[in-house]
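Q: Here is my input; please provide its structure:
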Amino acid sequence: MKILVTGSAGFIGAAVSNALAKRGESVLGIDNLNDYYSPALKKARLDLLKNAENFHFQQLDLTHSSEIRSLFAAKKFDAVVHLGAQAGVRYSLENPQAYIDSNITGTLNILESCRHYPVRHLVYASSSSVYGDNAKIPFSIEDRTDNPVSLYAATKKSNELMAHTYSHLFGIPATGLRFFTVYGPWGRPDMAPMLFAKSILEGKPIRVFNHGNMRRDFTYIDDIVEGVVRTLYREQSGSELFNIGRGEPVDLMRFIEILYDELRKGKPEIPPLQMEFLPMQQGDVPATWADTAALEKAIGYSPKTSLEEGIKHFAQWYLEYEVKA
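A: Coordinates of the predicted model:
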């Protein structure tokens, strides 16, 4: 198949591109390589794909509608994995326009292109953030999601509505995946694991919000990739949504404890763990927990990586990457 992966220099996008290329698919990755975080990290992820003959990269901004439309016209894609977006809950408080441009306009351009140049399947990224501060856990696809607590979450909910509408009107087979706290090697530096690891190695206090009373459904990148790829190959008609997470919330303090221990194994001289306990941040929620039963039924989704194993892999990678960087 000819597959387009948007956001292919991103954390999940690069990993999905790599998996599809290894399967022998013809993969074109696009990314605008913006400076929300270091473009050097994005380019380093792409370097992992440079020896794959069936992967090609093109720097392209999703907001450039004519260029996106021309790309679809020229390449005649069989499927699209739309992962490109402006990420980050907290940054949406500082630069809301970036989220409207990338997440709303960018997704519209992908949907319009799928409308005029039909594909077998569009798989796109949503987020657990759409559940807002829902007190009912685990979060189910059947739960209401009309009370977002950040603009980022609002744009992701909008993407779901847009995809459903285009699927209904124009017959686009579309599946949205609500990602739950993805972590692992080559992760985003604005997310907790990378922020924590950096502070630990520098001997600085970790900033722990809500005074440590946080639980997250941490999901290892390999399990996420397996779920995305299986979903892409699934026969699909109409529009559907699924949660994709480990389905097992973890206390944030437990995550920090394991991460510190694993980093110390690789670098015994690191300073003692320090923490700065702070109130809850705007736009954040105290807990996430995915009900993944629907995805398990649909594609046999079953995460394999334990928290301990996942953090071990991440810590080993971070120590090596930190030395190179």
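Q: Can you give me the neighbour number for Ala294?
A: Residues lying near Ala294 (other C-beta atoms under 10 Å) number 16. Where you see a C-beta, it was placed from the backbone N, CA and C, and this is true even at glycine.
Q: Wasn't it part of a strand?
A: No: read with DSSP: H, G, I helix; E, B strand; the rest coil, Ala294 is helix and lies in no strand.
Q: which residues touch it?
A: Ala294 makes contacts with Ile141, Phe242, Asn243, as judged by C-beta atoms under 8 Å, 6 or more residues apart in numbering.
Q: any idea which of those has the most stuff around it?
A: Counting neighbours by other C-beta under 10 Å, Asn243 comes out on top of the contacts of Ala294 with 28 neighbours.
Q: quick one, strands of the chain?
A: 2-6, 26-31, 55-59, 79-82, 121-127, 174-179, 182-183, 206-208, 215-216, 219-220, 239-244, 250-251, 275-277 (DSSP state E).
Q: would you list those strands in CSV and tack on mean pLDDT and distance to Asn95?
A: Converted to CSV, the strands of the chain look like this (pLDDT from 0 to 100; distance: least, C-beta to C-beta, whole Å):
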stretch, mean pLDDT, distance to Asn95
strand 2-6, 98, 20
strand 26-31, 98, 18
strand 55-59, 98, 21
strand 79-82, 98, 21
strand 121-127, 98, 17
strand 174-179, 98, 21
strand 182-183, 98, 22
strand 206-208, 95, 21
strand 215-216, 96, 24
strand 219-220, 98, 27
strand 239-244, 98, 27
strand 250-251, 96, 30
strand 275-277, 95, 25
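Q: and those strands as JSON lines, adding distance to Val149?
A: Shown next, in JSON lines, are the strands of the chain (distance: least, C-beta to C-beta, whole Å):
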{"stretch": "strand 2-6", "distance to Val149": "26"}
{"stretch": "strand 26-31", "distance to Val149": "28"}
{"stretch": "strand 55-59", "distance to Val149": "33"}
{"stretch": "strand 79-82", "distance to Val149": "24"}
{"stretch": "strand 121-127", "distance to Val149": "12"}
{"stretch": "strand 174-179", "distance to Val149": "15"}
{"stretch": "strand 182-183", "distance to Val149": "20"}
{"stretch": "strand 206-208", "distance to Val149": "20"}
{"stretch": "strand 215-216", "distance to Val149": "16"}
{"stretch": "strand 219-220", "distance to Val149": "21"}
{"stretch": "strand 239-244", "distance to Val149": "18"}
{"stretch": "strand 250-251", "distance to Val149": "21"}
{"stretch": "strand 275-277", "distance to Val149": "21"}
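Q: Buried residues in stretch 65-73, which are they?
A: By neighbour count on 16 or more other C-beta atoms under 10 Å, the buried set for stretch 65-73 is Ser65, Ile68, Leu71, Phe72.
Q: same check, this time on stretch 264-275
A: The neighbour-count criterion (16+ other C-beta under 10 Å) identifies Arg264, Leu273, Met275 as the buried residues of stretch 264-275.
Q: can you pull the contacts of the closest residue to Gly238 other than its chain neighbours?
A: Spatially, and ignoring its direct neighbours in sequence, Gly238 is nearest to Ser167 (5.7 Å; C-beta to C-beta, 6 or more residues apart in numbering). Taking C-beta under 8 Å, 6+ apart, we find Ser167 in contact with Pro173, Ala174, Gly238, Ser239.
Q: Likewise for Ile258?
A: Leu307, Glu308, Ile311.
Q: What does the pLDDT read for it?
A: Listed pLDDT for Ile258 reads 98.
Q: re the thing from before, just so I know, which of the strands of the chain lies nearest Ile12?
A: strand 182-183 (6.1 Å; C-beta to C-beta).
Q: list the helices and strands that closest one packs on?
A: strand 219-220, helix 221-233, helix 307-324 (3 or more C-beta pairs under 8 Å, 6 or more residues apart in numbering; DSSP states H and E).
Q: go again using 7 Å as the cut-off
A: helix 221-233 (3 or more C-beta pairs under 7 Å, 6 or more residues apart in numbering; DSSP states H and E).
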